[in-house]
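>>> Build me a model:
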Amino acid sequence: MGFNETNIDVFQPDKKTKLQVYEWLPDSSVKAVFIAVHGGMAHAGDWVTPAIYFKDKGVATYAFDLRWHGTYPKHNPDGKVYFHTNSYEENVSDLDAFYEWVKAKHPGKPVFVISHSNGALISLLYGLTTAKKTDIRGFIVSSPWLKNKVKVPAIVEKMAGIIAAIHPKFTVTPPDITDKLTHDEKIHARHIEDTELGLRGTTATAKLGAESAKTQARVVAGLKNWERFPMFAVIAGDDYLADPSASRDALQTVPEGLVTLMVHEKNYHENFNEVNREETFAAIWDWMLKYIK
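Okay, the predicted model is just below:
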């Protein structure tokens, strides 16, 4: 147990797939529950920083490794680690099954979905679709990946769909911007170590490129119809991965009163791992208290 987790478990969204789960549980009674969805090329252990903070508030955090991320090869014979998805609908299905799995452990407790980057893209699609049948209390999103900030040659963008259809798991190596994720040197060093251990991916697939572009457009267009779920969104102004202007513009289309927006102009991509994270966590906790009843 390398991320100060309380337990490690295995969750099965279907009969053949196993996904590792990290659990951070309060020492006293549980006041609320986080279902955490990590970003692309990352892994569920990355949730240790907010999980430890909120554990002291009585919040239990459950985070699972997305398919093709983190410990996926450990539990699945065909597994490898890279930024890939078969479809975002499959990711949403996994998330919904995880919600049911976690809720069964804490019946009656308020559940919040907390997510980052590509995980936020997944969770926003979930909120627009399947989550409507749940009793989730709210969504927390950090640096939602609604538009890619990394410059991709125009010809590559045009060819992504064709390549994905012919060879969906064809991989490319995007620019390494690990040093532009957080100003916290200790967490940066942890990211480097996790990459060396094979927990963090370094390549992305053609299928991911095609599916993400389609899903980003779908979510951006759908946010004007967001309903029922309150949302707390954190935007990093100095983000090298997710375009902060695009995220802000998209979130401003959400119906009035449903979004609380926090912007840190000097933050790199990982708001929950930044040096000012406790300011962010305190604001999230104040927001949560309105919905923990």
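>>> Tell me which helix or strand comes right after the helix or strand bottoming out on mean pLDDT in the chain.
When each helix and strand of the chain is scored by mean pLDDT, DSSP states H and E, helix 154-166 comes last, with a mean of 52. Sequence order places strand 171-172 as the next helix or strand after helix 154-166, per DSSP states H and E.
>>> pLDDT on that following strand, on average?
Taken as a whole, strand 171-172 carries a mean pLDDT of 72.
>>> got the buried residues for the helix or strand that comes right after that strand?
Once strand 171-172 ends, the next helix or strand along the chain (criterion: DSSP H and E) is helix 185-196. Neighbour counts over helix 185-196 (16 or more other C-beta atoms under 10 Å) mark 187-188, 190-191, 194-195 as buried. Backbone N, C-alpha and C define where each C-beta goes, glycine included.
>>> One more: stretch 276-293?
Neighbour counts using 16+ other C-beta under 10 Å place 277, 280-281, 284, 287-288, 292 of stretch 276-293 among the buried residues.
>>> Give me the distance from it to the chain's centre.
A distance of 18 Å separates the C-alpha centroid of stretch 276-293 from that of its chain, computed with C-alpha atoms, centre = their mean, to the nearest Å.
>>> re the thing from before, got JSON lines for the buried residues of helix 185-196, with distance to Ala104 too?
Formatted as JSON lines, the buried residues of helix 185-196 follow (distance: C-beta to C-beta, whole Å):
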{"residue": "Ile187", "distance to Ala104": "33"}
{"residue": "His188", "distance to Ala104": "37"}
{"residue": "Arg190", "distance to Ala104": "32"}
{"residue": "His191", "distance to Ala104": "33"}
{"residue": "Asp194", "distance to Ala104": "30"}
{"residue": "Thr195", "distance to Ala104": "34"}
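>>> could I get these as TSV with distance to Gly201 and pLDDT?
Shown next, in TSV, are the buried residues of helix 185-196 (distance: C-beta to C-beta, whole Å; pLDDT from 0 to 100):
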residue	distance to Gly201	pLDDT
Ile187	18	98
His188	17	97
Arg190	15	97
His191	12	97
Asp194	10	97
Thr195	8	97
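>>> Just give me the closest of the residues you listed to Ile235.
Ranked by distance to Ile235 (C-beta to C-beta), the buried residues of helix 185-196 are led by Ile187 at 19.3 Å.
>>> if you skip the residues just before and after it, what's nearest to the closest one?
Once flanking residues are discounted, Ile187 sits nearest to Asn273: 4.7 Å by C-beta to C-beta, 6 or more residues apart in numbering.
>>> what about the one you found, distance to Arg228?
Computed as C-beta to C-beta, to the nearest Å, the Asn273 to Arg228 distance reads 30 Å.
>>> More neighbours: which of these two?
Asn273 (25 against 11; other C-beta atoms under 10 Å).
>>> Before we move on, what's the pLDDT of that one?
Reported pLDDT for Asn273: 98.
>>> So it is in contact with Trp47, correct?
No - if you go by C-beta atoms under 8 Å, Asn273 and Trp47 don't touch, sitting 9.9 Å apart.
>>> Can you tell me which of the buried residues of helix 185-196 is closest to Val220?
Proximity of the buried residues of helix 185-196 to Val220 (C-beta to C-beta) peaks at His191, which lies at 28.3 Å.
>>> Quick check: that closest one touching Gly201?
No - the pair His191 / Gly201 is not scored as a contact, 11.7 Å apart, by C-beta under 8 Å.
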